[in-house]
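> One predicted model, sequence on top.
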Amino acid sequence: MKSLPLATSLLLLAVPLCAQDKAKAKADKIDFKTSVLPILEKNCFECHRTAYTAKDGKVVRPKKNVVFDSKDGMLQSWKGKLVIANKPDDSEMIKAVSLPADDDDRMPPKKKGDPLPKDKIEVLQKWIEQGADFGDWKAAPPVEGSKPAKPGDGKGKGGDGKKGGDQNSGGEAMAELQALGEALSPLGSEVLLQAAHGKARIEPFADGSALLRVSFPGHEDEVADTDVDALLPLREHVVSLDLGRTRVSDSCCAVIAKMPKLARLDLRETTVGDAGVQQLAACRELRSLNLFATKIGDAGMAALRTLPKLQHVYVWQTGVGAEAVVALRTALPDLQVSFAIDLPDPSADGGQGRKRRGKK
């Protein structure tokens, strides 16, 4: 019998090996419902459920505005950094459960029990490495005997029931913001891909919504004003924009001012100053504005007086004076201005994180 050429023999040998590799990969794939969800239910849901009204009529909100009992909540919490597909080391969930047992920021907290076992952390890490696939899971059943919190319930209280922090769990009232996009049709994938410019993370604000949330995780050092210019085709759809720690300047605000449905804007640790902030007066739906460690001064603060729906402004470590803060609060009595040293850590969603031990 004539023997086959060596190359052909190797190719035939590779076929069953490839099939074996695929079968092994499928067997190793972490299933969210059977492997991940039980971990979250046992260790996270108690403190991090979507806001609801309890039997006694009190609104119970998720601690630090972090939500684990829904897909949307997990993808939106911590400004989209709670779970970052394929990047467990950048995902705040993995960072929090991997901290030392005596760290104040370790999750679950000490008063709730022991640290998460190593094998459970590995399950979460592997699930994120594989793309953080939720399958067909959308949300956990509501708390028995409760009802969803209505927009505005508990106004003026943070996720822990205390004054300060975001006024609505997971950000501003979801229902109110979703209503902004009722007349919009979703944009095509080609438009989104072009606007992303290879750097932006563009995702629906909620399932079925045409509104968009835009951020640049992992690319902050590369993002400049031209990347914001690329978002112009999305201007009618953007409801949340995170430009924190990027290299944008006042110039980008001309494009941002053309986003009529923008409700959340993060410009922390950029060079944006008064000239840029003054242009933001055109964003009439703006609720939350983070200007921590920017170049804003009193002139920029004065421009914010014309924003009727503004709920929270961060201006710690800026050139803003106390008189300008008082004037803004007088013009907008319901506005919360984080101005003094007690401003929560701006790197955490909702601004309620604490500095970890050993960190400078």
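Okay, I see it. Residues are numbered from 1 along each chain as shown.

> the strands in this structure, which residues?
Ranges of strands in the chain, per DSSP state E, are 52-53, 59-60, 147-148, 201-204, 212-215, 238-242, 264-266, 288-290, 312-314, 336-338.

> Which one of those strands lies nearest to residue 66?
Smallest distance to residue 66 across these (Cβ to Cβ): 13.9 Å, for strand 59-60. Bear in mind the C-beta positions are built from the backbone N, C-alpha and C, glycine included.

> Show me what that closest one is packed up against.
strand 52-53 (3 or more Cβ pairs under 8 Å, 6 or more residues apart in numbering; DSSP states H and E).

> any idea how this protein splits into domains?
32-129, 172-351 (automatic domain parsing).

> Format those domains as CSV; extra columns: mean pLDDT, distance to residue 138 and mean neighbour count.
What follows is those, written out as CSV (pLDDT from 0 to 100; distance: least, Cβ to Cβ, whole Å; neighbours: other Cβ atoms under 10 Å):
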stretch, mean pLDDT, distance to residue 138, mean neighbour count
domain 32-129, 88, 5, 18
domain 172-351, 88, 7, 19
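
> I'd like to know which of those is closest to residue 136.
That would be domain 32-129 among the domains of the chain, by Cβ to Cβ, at 8.4 Å.

> Make JSON lines from the strands of the chain and add distance to residue 226 to it.
Formatted as JSON lines, those follow (distance: least, Cβ to Cβ, whole Å):
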{"stretch": "strand 52-53", "distance to residue 226": "43"}
{"stretch": "strand 59-60", "distance to residue 226": "43"}
{"stretch": "strand 147-148", "distance to residue 226": "41"}
{"stretch": "strand 201-204", "distance to residue 226": "16"}
{"stretch": "strand 212-215", "distance to residue 226": "15"}
{"stretch": "strand 238-242", "distance to residue 226": "15"}
{"stretch": "strand 264-266", "distance to residue 226": "18"}
{"stretch": "strand 288-290", "distance to residue 226": "22"}
{"stretch": "strand 312-314", "distance to residue 226": "26"}
{"stretch": "strand 336-338", "distance to residue 226": "30"}
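
> Out of those strands, which gets nearest to residue 109?
Using Cβ to Cβ, the strands of the chain put strand 59-60 closest to residue 109, at 17.1 Å.

> The closest one pairs with which strands, parallel or anti?
strand 52-53 (antiparallel) (DSSP bridges).

> list the contacts for the nearest residue to residue 298 once chain neighbours are set aside?
Excluding its sequence neighbours, the residue lying closest to residue 298 (Cβ to Cβ, 6 or more residues apart in numbering) is residue 324, at 3.9 Å. The contact partners of residue 324, by Cβ atoms under 8 Å, 6 or more residues apart in numbering, come to 297-298, 301-302.

> Quick one: closest of the strands of the chain to residue 30.
Of the strands of the chain, nearest to residue 30 by Cβ to Cβ is strand 201-204, at 21.6 Å.

> contacting residues around that closest one?
75, 80, 186, 192, 195-196, 210-217, 234.

> What about the residues you listed, which are in helices?
75, 80, 192, 195-196 (DSSP state H).

> separation between residue 230 and residue 193?
Going from residue 230 to residue 193 by Cβ to Cβ, to the nearest Å gives 11 Å.

> how close does residue 44 get to residue 332?
Applying Cβ to Cβ to residue 44 and residue 332 gives a distance of 35 Å.

> swap in residue 48?
From residue 48 to residue 332 the distance is 30 Å (Cβ to Cβ).

> just residue 81 next, same as before
For residue 81, the distance to residue 332 - Cβ to Cβ - is 29 Å.

> same thing with residue 52?
29 Å.

> what residues are up against residue 262?
Counting by Cβ under 8 Å, 6+ apart, the residues that residue 262 touches are 238-241, 256, 283, 285-286.

> Looking at those, which is nearest residue 94?
residue 240 (23.3 Å).

> Hmm, residue 181 and the closest one touching each other?
No. With contact defined as Cβ atoms under 8 Å, residue 240 does not reach residue 181; the gap is 11.7 Å.

> Spit out the residues that contact the two alike.
residue 205.

> Nearest residue to residue 80 in space, please, no chain neighbours.
residue 215 (5.0 Å).

> correct me, but that neighbour touches residue 242?
Yes. The criterion here is Cβ under 8 Å, and residue 215 meets it with residue 242 at 3.9 Å.

> Read off the pLDDT value for residue 135.
For residue 135, the pLDDT comes out at 91.

> That one: what's its closest spatial neighbour, skipping adjacent residues?
residue 32 (5.2 Å).

> and the end-to-end length of stretch 56-70?
24 Å (Cα to Cα, to the nearest Å).

> What of stretch 38-56?
28 Å.

> Any idea how far it is from the middle of the chain?
Relative to its chain's centre, stretch 38-56 lies at 19 Å (Cα atoms, centre = their mean, to the nearest Å).

> same deal with stretch 96-104?
With Cα atoms, centre = their mean, you get 22 Å for stretch 96-104.

> how about that stretch as CSV, C-alpha atoms only?
C-alpha atoms of stretch 96-104 as CSV (Å, rounded to 0.1, in the frame of the first residue of the first chain):
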residue,chain,number,x,y,z
ALA,A,96,-12.7,43.6,45.2
VAL,A,97,-13.0,39.8,46.0
SER,A,98,-9.2,39.4,45.7
LEU,A,99,-8.2,41.9,48.3
PRO,A,100,-6.7,40.7,51.6
ALA,A,101,-9.1,39.6,54.3
ASP,A,102,-8.4,42.6,56.5
ASP,A,103,-8.9,45.2,53.7
ASP,A,104,-11.9,47.5,54.3
